[in-house]
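Participant: Please find the sequence and the predicted model below.
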Amino acid sequence: MSSAPRENRKKVTLTKLAEMYALGEPIVMVTAYDHPSALVAEEAGVDMVLVGDSAANCVLGYDGTVPVSMEEMLMLSKAVRRGLRAPLMVGDLPFGSYEASDEIAITTAQRFVKEAGCDAVKLEGGGNSVSRARAIAAAGIPVMGHVGLTPQTAVSLGGYRAQGRTAERAAAVMQDAIDLQEAGCFSIVFEAIPTEVTDHLMAHMKVPVIGIGAGPSTDGQVLVFHDLLGIHDGHVAKFVKSFADVRSEMVRGVRAYADEVRGRTFPAPEHGYSIPPEEMDRLRDLAPAGRTPSARYDW
């Protein structure tokens, strides 16, 4: 999709995504966690925005995605909603908010749609998540699946590492993807899957596949906002490419500000406001210089 001006872009719907998929047009997806980043994603002309639970470590300071709460994710999703017009907005269901039962999963998904204005929700993994995805879809809420490396259950997968590097594990990932597809997911994220495995799995997929560290044969790609812009300071995954170095520029700007404050060159006269001379004369009559701060004046 071209980066058309904000006011000229049409809303990206599930129908539009299906059209792009049918035509073989690459789908662009990024994460966003607040209003300013949503505005950037909007102006850049992306197709989908995921309010990912990666907000936990990218903006909330947690060590991983597991600790982030439902209320925190809803707050961030509301902020993103206020900045988006055209992209399809997907809310990530946080760990512990949907696994217990289909009923709980539906209730959680409804909150993301009703309270935060999400167009769709995303959940991770196969197994019980397939039933949850089917229930959410049956309730009329579009749901996106996520297979391969699923950060919410990374511990059980052996850590943050590529999945599907043995034939057995690759077959299991394929089964998860097919099960989620048949459960009614409108799209599925493939994360950290060997390129050759993805190439093989794509022949079995009938819905758009969005890749992140899964090679170029997927129908679209997603990257974390803070990774692709070079905002995040720390370890980044092998599949990340930084398209800017925003953090260094932010540090440079704040450091320059600090230097000018300490050197008393900021604020300069052009950064202040003025008062008419006659009003200043009146103020001097009303409050002569030299009175103590605790003195009372007869205004």
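Facilitator: Sure thing, it's come through.

Participant: The spatially closest residue to residue 215 that is not a sequence neighbour: neighbour count?
Facilitator: Nearest residue to residue 215 in three dimensions, chain neighbours excluded: residue 195, at 3.2 Å (CB to CB, 6 or more residues apart in numbering). Where C-beta positions appear, they are placed from N, C-alpha and C, glycine not excepted. Per other CB atoms under 10 Å, the neighbour tally for residue 195 reads 14.

Participant: In the stretch 1-150 of the chain, mark out all the strands, start to finish.
Facilitator: 27-31, 48-51, 88-92, 120-122, 143-148 (DSSP state E, counting those that start in this stretch).

Participant: Export these as a markdown table, with columns for mean neighbour count and distance to residue 223.
Facilitator: Shown next, in a markdown table, are the strands of the stretch 1-150 of the chain (neighbours: other CB atoms under 10 Å; distance: least, CB to CB, whole Å):
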| stretch | mean neighbour count | distance to residue 223 |
| --- | --- | --- |
| strand 27-31 | 24 | 6 |
| strand 48-51 | 29 | 10 |
| strand 88-92 | 27 | 14 |
| strand 120-122 | 26 | 15 |
| strand 143-148 | 28 | 15 |
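
Participant: got these as TSV, with mean pLDDT and distance to residue 10 columns?
Facilitator: What follows is the strands of the stretch 1-150 of the chain, written out as TSV (pLDDT from 0 to 100; distance: least, CB to CB, whole Å):
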stretch	mean pLDDT	distance to residue 10
strand 27-31	98	15
strand 48-51	98	14
strand 88-92	98	12
strand 120-122	98	17
strand 143-148	96	21
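
Participant: Of all the ones you listed, which one is nearest residue 15?
Facilitator: strand 88-92 (10.6 Å; CB to CB).

Participant: so what strands line up beside that closest one?
Facilitator: Sheet pairing for strand 88-92, assigned by DSSP bridges, gives strand 48-51 (parallel), strand 120-122 (parallel).

Participant: Take these and write them to a markdown table, including distance to residue 191.
Facilitator: Formatted as a markdown table, the strands paired with strand 88-92 follow (distance: least, CB to CB, whole Å):
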| stretch | distance to residue 191 |
| --- | --- |
| strand 48-51 | 12 |
| strand 120-122 | 11 |
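
Participant: For residue 242, which of those is the nearest?
Facilitator: Across those, residue 242 has its closest neighbour in strand 48-51 (18.7 Å, CB to CB).

Participant: With distance to residue 66 added, can I get the strands of the stretch 1-150 of the chain in a markdown table?
Facilitator: Shown next, in a markdown table, are the strands of the stretch 1-150 of the chain (distance: least, CB to CB, whole Å):
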| stretch | distance to residue 66 |
| --- | --- |
| strand 27-31 | 17 |
| strand 48-51 | 17 |
| strand 88-92 | 12 |
| strand 120-122 | 16 |
| strand 143-148 | 15 |
